[in-house]
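Asks: quick one, structure for this:
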Amino acid sequence: TSCASPPADAGQQHRNGAARILVETLRDMNRFPSSNDGEVSDGPNQESYALFMQGCIHLFEPDSEEQNMLLKAAFRECCRKGLLNSIIWDKFRNAVRPELMRTCIEEISPGSEIGLQYENLPEEWSCTGRH
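Replies: Sure, this is the predicted structure:
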């Protein structure tokens, strides 16, 4: 969790090291296959993606190219694996511009008219359901 919430007075070298670890963590998380059969997996879970997003929010400048790229990649993978929940959605929604959200949703579900409300997102993006 040190990557997710570095000290406010952390130097640039410390922040760069934490950012490197954060990127490596996303690579590792994405290597695990998704478990679409409802089985418990040893791979990343909802908390993993929520902490990753929190790290991106703390380590990178708001709306920076690096932050947007990492948040978008994590969101796509999270949805693909069926791990989206309201906490992850809220972190993503609060960190990126609405245009980036729309682009990301369109890339995951081309041609859909889903909108930007959590309740309207496809249920297969979430293993826990929303109702």
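Asks: can you list contacts of the host helix or strand of L71?
Replies: If you go by DSSP states H and E, L71 is part of helix 65-80. Outside helix 65-80, the residues that touch it by Cβ atoms under 8 Å, 6 or more residues apart in numbering are 19, 22-23, 26, 29-30, 34, 46, 49, 52-53, 56-57, 59-61, 84, 88, 92, 95-96, 100, 104, 107-108, 121, 125. Any C-beta I mention is one placed from the backbone N, CA and C, and that applies to glycine too.
Asks: how about the nearest residue to S86, chain neighbours excluded?
Replies: Y118 (5.6 Å; Cβ to Cβ, 6 or more residues apart in numbering).
Asks: can you point me to the longest helix in the chain?
Replies: Looking across the chain with DSSP state H, the single longest helix is helix 12-31.
Asks: and the next helix or strand after that helix with helix 65-80, angle?
Replies: Using DSSP H and E, the helix or strand that follows helix 12-31 in sequence is helix 46-59. Interaxial angle, helix 46-59 versus helix 65-80 (axes from the mean of the first three to the mean of the last three Cα atoms, to 10 degrees): 170 degrees.
Asks: stretch 101-118: how far from the chain's middle?
Replies: Offset of stretch 101-118 from its chain centre (Cα atoms, centre = their mean, to the nearest Å): 15 Å.
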